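**Student:** Sequence first, predicted coordinates after that:
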Amino acid sequence: MFVIATFENSIYIELAITALEQQGISKELILAAPLDKRKELRGLFDTIHKSDGFSLFDGPAILGTCLMLLGAIYGYVLEWGPILWGIIGAVSGLLLGFLLKMFLLRKNKRGSAKITSEIVLMVRCENQKWEMVEKILWDHFALGLTKI
């Protein structure tokens, strides 16, 4: 049976390998492989066929709707009327939301995640050692775990 786990690049993977070796699993049955990171940045715009989960227009649409509603409500007491103030609120909300989203994405390096799988650890063991290997890997902060 193979046990496959992913880890961040930290000291915990070394501790997990050492703990597995102390439990009688030899070095020949353990494989740790680092993953290459993505070099190009994520695209800003989603297409109909590909989406990475970072929509650039969800925040601006929500903020534009809220400011349009407030502009239409308070437009009854302002001089230009509710329709014009609703349009002004919608446009200003869209622009403000778009600029805010762009600022947050640039600050966050265009959506790079905080926790990433950087190392894959594969352990070959017998069926009766599965629970022990699983406990060791979870105790050493594995991000994900499966058995084959």
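**Tutor:** Perfect, I can see it now. Numbering: from 1, shown residues only.

**Student:** which residue lies farthest from the center of this structure?
**Tutor:** Glu79 (46.4 Å; Cα atoms, centre = their mean).

**Student:** The protein: strands as residue ranges?
**Tutor:** Assigned by DSSP state E, the chain shows strands spanning 2-7, 30-34, 119-124, 144-147.

**Student:** Now that we have the ones you listed, can you turn them into CSV and tack on mean pLDDT and mean neighbour count?
**Tutor:** C-beta here means a position set from N, CA and C on the backbone, and glycine is covered the same way. Shown next, in CSV, are those (pLDDT from 0 to 100; neighbours: other Cβ atoms under 10 Å):
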stretch, mean pLDDT, mean neighbour count
strand 2-7, 93, 19
strand 30-34, 93, 13
strand 119-124, 94, 18
strand 144-147, 92, 12
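
**Student:** Among those, which comes closest to Thr65?
**Tutor:** strand 144-147 (37.9 Å; Cβ to Cβ).

**Student:** mind saving the C-alpha coords of the closest one as CSV?
**Tutor:** C-alpha atoms of strand 144-147 as CSV (Å, rounded to 0.1, in the frame of the first residue of the first chain):
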residue,chain,number,x,y,z
GLY,A,144,-3.6,16.2,2.7
LEU,A,145,-3.4,12.4,2.9
THR,A,146,-4.6,9.4,0.9
LYS,A,147,-3.8,5.7,0.6
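
**Student:** would you list every one of the helices in this structure?
**Tutor:** Under the criterion DSSP state H, helices of the chain are mapped to 11-22, 58-74, 82-107, 130-139.

**Student:** tell me what the second one is packed against?
**Tutor:** Counting contacts by 3 or more Cβ pairs under 8 Å, 6 or more residues apart in numbering; DSSP states H and E, the secondary-structure elements packed against helix 58-74 are helix 82-107.
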